[in-house]
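> Build the 3D model from these lines:
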Amino acid sequence: TSILWLIYGSLLWVNLLFSPSLSDYLLVVWLIKVPFV
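Purely as a prediction, here's the structure:
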């Protein structure tokens, strides 16, 4: 689970650098998925 958490976090940071609007969407998905992983 910790590995998946790091992957989601990494993807979030990468997208944050390229597209703030996309990162906002991914952040919501990330926060929803992580607790269930």
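> Would you map the helices across the protein?
Ranges of helices in the chain, per DSSP state H, are 2-18, 20-33.
> Any chance of a markdown table for those, columns mean pLDDT and mean neighbour count?
Backbone N, C-alpha and C define where each C-beta goes, glycine included. Converted to a markdown table, the helices of the chain look like this (pLDDT from 0 to 100; neighbours: other C-beta atoms under 10 Å):
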| stretch | mean pLDDT | mean neighbour count |
| --- | --- | --- |
| helix 2-18 | 79 | 12 |
| helix 20-33 | 76 | 12 |
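> Assess the claim that residue 30 and residue 8 are in contact.
Yes - contact criterion C-beta atoms under 8 Å: residue 30 and residue 8 qualify, at 4.9 Å.
> Can you give the distance of stretch 17-29 from its chain's centre?
Distance of stretch 17-29 from its chain centroid, counting by C-alpha atoms, centre = their mean, to the nearest Å, is 8 Å.
> Also stretch 14-26?
For stretch 14-26 - counting by C-alpha atoms, centre = their mean - the centre lies 9 Å from the chain centre.
> what's next to it, contact-wise?
Around stretch 14-26, the neighbours that count as contacts under C-beta atoms under 8 Å, 6 or more residues apart in numbering are 11-12.
> try 6 Å this time
residue 12 (C-beta atoms under 6 Å, 6 or more residues apart in numbering).
> how long is that stretch end to end?
11 Å (C-alpha to C-alpha, to the nearest Å).
> Renumber starting at 56 from here on
Sounds good: first residue 56 from here, last item stretch 69-81.
> Distance of residue 64 relative to residue 89?
As judged by C-beta to C-beta, to the nearest Å, residue 64 and residue 89 stand 9 Å apart.
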